[in-house]
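J.: Pasting the sequence and the predicted coordinates here, then a few questions.
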Amino acid sequence: MKRKSTLMALALSAIAVTAQAQRTPSHPLDIATADETQWINSFMSWEPGKTIGNASRIDDEFFISRVKPRKRIGAEQGDYTVDATVDSKRKMCLWVPLDDPTSTWKAFPRYCFEGDNFSLWSYLDIHGNWTAPWVRCSAGLSDVAAKNGVKVGTLMSIPWDVHININWGTSGHAATLKMLTESSYGKYKYAEKLVQYMKYYGINGIGVNSEFKSDRSSMTRLINFFAACHEEGKKQDWEFQVYWYDGTSSSGRIHFDGGLDSHNEEMFGAGDRPVVDMLFFNYNWGKDQLNNSARKAKSMNRSSYDIYAGCDIQKNGMRLSGGDRSWRALSETKASVGFWGAHSQSLLHQSATDDGTSDIAIQKAYLLKQELCFSGGHRNPAYRPEFTDNCNLSNASLQRFHGLSSLLTAKSTITSVPFVSRFNLGNGLKFYNQGEVTFDHKWHNINTQDIMPTWRWWITNAEDKVDAASYPSLIKADLIFDEAYFGGSCLSLHGQTAASHVKLFKTMLDVTADNTLSITYKLTEGNKTHAKLFIALKGETNKYKEVAIPDAPKAGQWNTFTAKMSDFGITANATVAMIGIKVEGTTHNYNMLVGEMAVRNPQQAFNTKKPTVGELQVLRGRYNAFDFKMRYYSDDGTGAKKTYNDEVDTWYYEIYIQPKGGKEQLLTATTSWAAYVVDAPVPSDKANRQVRMGVRAISPDGLNHSDIAWSAWTDIPYDQPLHTAKLSKAVIKPGEEFTLSLEDLIEEPAQKWEVIRPSDKRVLFSAENATSCNLKLDEVGVYDVRLVDNTGQEHLNRGFIQVSPESTGAVPHIENITPSKQQTKAGEEVKYSFTGKKGDGKVSRGLIISDPSMFRMPADLQQGTTYSYALWFKAEPFRHDKQGTNLINKNTIKDNWPHNNWGDLWVTIRPQWKNHAANEVSFNTMGWKDHDDPKADMMSTGYQVVPGVWTHIVVTQDGGRQCIYFNGKQVANAFFGASTRREDSGDGRIRRNELADIFIGGGNVYKAGFNGVIDEVQVWDKFLSAEEVKQCMNGYSKGNVPANLRGYYTFEEKTADGKYANWGSAGEQFKGDVVAIAQGGGEKTDNAFYDPREDNNNVLGYPGISGTLEVKTQATWTLDGANVIGRGDVATVTYAAAGKYAATLKLANLWGEDTKTVTDIVEVTGTTNGVNAVEAADFALYPNPFVESVNLRFAEGGEYTIQVTGVNGAVMQNTKATANAGDVVNVAITGAKGLYIVRVMKNGKLYKAVKVVKE
């Protein structure tokens, strides 16, 4: 016999590297970085080929850009714009981080999906890279910026009002500047070297957060050094730049908001001796000041577009004060635009929680937010909303934004053949190649990002126009992560349109008649493309040359179509200035995915060099996966000379793995000369863990590649056991045996297992030296598990085992399957039954909370500082933001920052913090000022929430006394005398007249939203004792609720308006509902509102409490060869053919399932004749009844005709079959449900006839 039971795997500790959806990877950063001090100390002795700080040769490659900077199409090359009234000379700087909430990951490759994959580079000139220290920029950013013609920088972040004396500096920033600006005989010793270094690593700018004080001598020294570096940049053919926050003047005084004038003209520099390339004005500029500054710049022979009007998007979003300081006023100046915000993440990315804090929700919202910010509220730079100064960063608000395309024109670097874009954004839920998944793992590596559509999205109608009337009828364009041809994303053109021109790429490509334009595409429904490729030539960008894209052979598969330029009517040399797709005559369900567009020269040959594997480092190994990094090179490997990829005819590199005796597998791709991989697969066998890693180079046209260069065969260590366990059942009943075992298939036996009752810490079960153990627990309750692994390390998890009453249902269990007779004759009835446990019952209902949704309770349920909150919850794997995951909040979006983010109280499930393990619970109240940190003595120290396990939390307060109870045990007890409430606060940022509702879940700035199930939510107006806490864990029946329990939500009952009934003493008017914050804009929420959302309480709640959700077990029998007469707990069948037969039973309910198969359980002998009585030796038909088709088994070979007729004799279908003896032929019967006759003809005569029933 064989059996399969549903298992519930639960982590006992978080050592395993997992691919959770979160903003910061769960795996460590295995690339050595350097701060400013480490950099300057290494730089003093640096030369090409040497590394910085503690970086190895492998690590250093993650900082060396291998993409040669591309030049943008300029006016002299025939540049053109969407709107001729927009100033094409105006520039844009994002002086923001490209980083994660911890300011750690920068643009390094990682193995989570979420991350800043900014993609609208066509509107940028500078990315200031706020969190990158002097002078160290991750190559992921410098590579993607270089291919788009954007300059990148690093930052010296000097705190406010610090005094910097460069002449005498002995530490910190002053020491760095002193060493760097050292001179000898009037020459700066390190100017040449600094530019050489920056060119080698691909860094353009050094930025200074200049709001410091200094002296005239120090400033002159710094100004002259910057000027000398500019001269060196010209000599070395490298665009060296300085980005300066206009706070510190040329004399060293702090002087904001003075425009360009005598106080900072030396710092700015004259045309023949530039010092600063971006003078970033503080946020109080005005139109007159910008115009005066522009005139001053002109008088200095400098471009006024090197002056940037600063915008603080952390504080203001897209708001400006209006009048002289408005977007319209800025558009009427000759100044550029600069965004700042904020310290760890770009606010554009950080605020992309409009639809929740899951990784896919953030990524979709971030794509939309970029398009709304840059292209405008209609996502079309040719049809923009009117200028407005009153938008925050919420996507709902940005739909009214005029877009930065009202001030900026989109630039392009597409000037040479081949040009290939696969619409890969540089991250994905899986890694694809040629439309197939090659590595089923989330990933992020922005250096693989393709050149994206230039204008995003310039779409016009058949007359090549777009306005309010035509806009709704245009095709929709989106970049999506659902599928990809390469990488992790592709283009989707979808929806209904009569005709739409989708203008994708601005180009200046010199082509000949035999050059080609190709498209790789897929239709998700149907096979009609309704589309044409089009191009426009230089100087004629409104005249389109078109070629129809052929219909696909079928839906759901990738196809490639290639057209020659001669097909577009090009017979001589020409310059293609635009590439796009025209879509015509589509319906609402139209969806064409585009995976690649490419212009190629078939005559062009590449000598793509096979790389050489340098160093390889295996970082750690688990039972089924390992992590590694490796360096490879396509030159001599010394690093003494900078080599770009295009100099060795390479676009990017593919990274492979191959187990010994197995197939090679593509894991990822990168433009770097080093690769970093987490969770590469390895066989789960200690004796067979040899693998090799490989790399091959891909040619610039994407069609050819080098051979794979392989490392030596490497033994993968097993040095990271998971130390996780699994339970054999989702719910456990008193006295019921279950299994507790290690999940890691090759982990050494644990030294000890203990099951502990938390109330008295009594050990109820113990086992030693075991990988698994069987046990029973007799009492309903919650139990802790203590695991001591084979190294002696203890892993203690609370509430891991939960024993619930029989009344709430159980996982079904099958003991035996029994037939009414073990031997029978053909045509005789046999009844199958089983012994075991069905597990029927009724259980409490839970409520699903999926971020951004949250459960809301009225504010007036609880007032003052004497209260208790309690609930059961079961969390999905956490996706913590910087400060964790929200569990309980009492706040309002009407308050100003930061009180809209924290409020009267906040209960948070925290990431690892200082000496506190991940997933401990913190409890804070208004009056706690250190918002970024929890109160250390008000945390569930040593008690962590385990995803997938029901956990009970109580937070309670009486004046200054506060407590946390975790599964009924008090785990924190402290006094906080400063605790207060909004009604007692004098803080002007708090709107005391606004009510602060109570929420379970919901994300906000720095905190993710809860995802999981909640149950038994209680709001008390008293400080609960330890005994009362234990009582509240078991719930109360309706009408039998303590007087002090004001709010009680069991989710068993809905009110007439679809909300959740309050069974508490406050009254039925205090209903709860599910809402989400709409139009939130990061830190600004004053325009936001609570939007009702769909809810679902048809889900298993806490199994320890009975309720109204029925757990009903369904029996499913699989009885091959039988004619089934009756189904249910007992199955009644007959058999037509002799033989031995098996029986399979599956019992399933909401808690799980059990399956059992018994072979040769019944033996059938004897034959009968006639309809429904076929000779067992010759023929068998099954199943009967059937759903879609029947199987016919032939004992004799021959030619057969299988005829299906209705009961009235009408022939419905004929099927011819050639069968050998023993063959089984499947026949689909396409009619409606009912009775049919299957007639089998052989040699023109009736062979057999069988009545069958279609269900």
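T.: Nice, thanks for sending it over.
J.: check contacts around Ile1229.
T.: Phe1186, Glu1188, Ser1189, Val1190, Val1204, Met1212, Gln1213, Tyr1236, Val1252, Lys1254 (Cβ atoms under 8 Å, 6 or more residues apart in numbering). To be clear about C-beta, it is placed using only N, CA and C from the backbone, and glycine gets the same treatment.
J.: Actually, Gly792.
T.: So Gly792 contacts Gln751 (Cβ under 8 Å, 6+ apart).
J.: What are the boundaries of the strands in the stretch 351-500 of the chain?
T.: 419-421, 427-428, 431-433, 436-439, 443-444, 458-460, 476-480, 486-487, 490-494, 497-511 (DSSP state E, counting those that start in this stretch).
J.: actually the stretch 1001-1150 of the chain, sorry about that
T.: For the stretch 1001-1150 of the chain, the strands defined by DSSP E, counting those that start in this stretch occupy 1012-1020, 1045-1049, 1073-1078, 1089-1092, 1109-1111, 1114-1118, 1122-1126, 1131-1135, 1139-1149.
J.: just the stretch 601-750 of the chain next, same as before
T.: Going by DSSP E, counting those that start in this stretch, the stretch 601-750 of the chain shows strands at 612-621, 625-633, 652-659, 665-670, 674-681, 690-698, 709-710, 714-715, 725-727, 738-742, 750-757.
J.: Turn those strands into CSV, columns for mean neighbour count and mean pLDDT.
T.: As requested, the strands of the stretch 601-750 of the chain are exported to CSV (neighbours: other Cβ atoms under 10 Å; pLDDT from 0 to 100):
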stretch, mean neighbour count, mean pLDDT
strand 612-621, 17, 98
strand 625-633, 23, 98
strand 652-659, 22, 98
strand 665-670, 22, 99
strand 674-681, 24, 98
strand 690-698, 22, 99
strand 709-710, 17, 99
strand 714-715, 14, 96
strand 725-727, 21, 90
strand 738-742, 20, 95
strand 750-757, 19, 95
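J.: Tabulate those strands in CSV, adding columns for distance to Gln38.
T.: Shown next, in CSV, are those (distance: least, Cβ to Cβ, whole Å):
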stretch, distance to Gln38
strand 612-621, 21
strand 625-633, 20
strand 652-659, 28
strand 665-670, 25
strand 674-681, 20
strand 690-698, 29
strand 709-710, 32
strand 714-715, 31
strand 725-727, 42
strand 738-742, 42
strand 750-757, 42
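J.: one step back: buried subset of the contacts of Ile1229?
T.: Buried members of the contacts of Ile1229, scored by 16 or more other Cβ atoms under 10 Å, are Phe1186, Val1190, Val1204, Tyr1236, Val1252, Lys1254.
J.: Output these as TSV; include the columns pLDDT, secondary structure and distance to Thr638.
T.: TSV is the format used below for these (pLDDT from 0 to 100; DSSP: H, G, I helix; E, B strand; the rest coil; distance: Cβ to Cβ, whole Å):
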residue	pLDDT	secondary structure	distance to Thr638
Phe1186	84	strand	72
Val1190	87	strand	72
Val1204	88	strand	77
Tyr1236	85	strand	79
Val1252	86	strand	78
Lys1254	86	strand	75
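J.: which two in these are spaced the farthest apart?
T.: Phe1186 and Val1204 (11.7 Å; Cβ to Cβ).
J.: doesn't Ser293 fall inside a helix?
T.: Yes: according to DSSP: H, G, I helix; E, B strand; the rest coil, Ser293 belongs to a helix.
J.: heads up, I number from 56, so please use that
T.: Taking 56 as the first residue, the last one we looked at is Ser348.
J.: Report the spatially closest residue to it, excluding sequence-adjacent ones.
T.: Leaving out its chain neighbours, the residue that sits closest to Ser348 by Cβ to Cβ, 6 or more residues apart in numbering is Leu315, at 3.8 Å.
J.: how much space between the one you found and Cys148?
T.: 16 Å (Cβ to Cβ, to the nearest Å).
J.: Please apply the same query to Lys1077.
T.: Applying Cβ to Cβ to Lys1077 and Cys148 gives a distance of 56 Å.
J.: who's more crowded, those two?
T.: Ranked by neighbour count (other Cβ atoms under 10 Å), Lys1077 and Cys148 place Cys148 first, with 26 against 16.
J.: Spit out the contact partners of the more buried one.
T.: By Cβ under 8 Å, 6+ apart, the neighbours of Cys148 are 179-183, 298, 333, 335, 363, 391-394.
J.: now the closest residue to Asn597 other than its chain neighbours: how far from Met633?
T.: Spatial nearest neighbour of Asn597, excluding adjacent residues (Cβ to Cβ, 6+ apart): Asp519 at 6.1 Å. According to Cβ to Cβ, Asp519 stands 12 Å off from Met633.
J.: now swap in Tyr438 and tell me
T.: 18 Å.
J.: Neighbour count: those two, which is higher?
T.: Neighbour count, other Cβ under 10 Å: between Tyr438 and Met633, Met633 has more, with 26 against 22.
J.: The helix or strand where the more buried one lies pairs with which strands, parallel or anti?
T.: Assessed by DSSP states H and E, Met633 sits inside strand 629-641. According to DSSP bridges, strand 629-641 forms sheet pairs with strand 552-566 (antiparallel), strand 586-592 (antiparallel).
J.: okay, the angle between the last one and strand 545-549?
T.: Yep, that's strand 586-592 we're talking about. Between the axes of strand 586-592 and strand 545-549, defined by axes from the mean of the first three to the mean of the last three Cα atoms, to 10 degrees, the angle is 110 degrees.
J.: average pLDDT for strand 586-592?
T.: Model confidence over strand 586-592, given as mean pLDDT, is 99.
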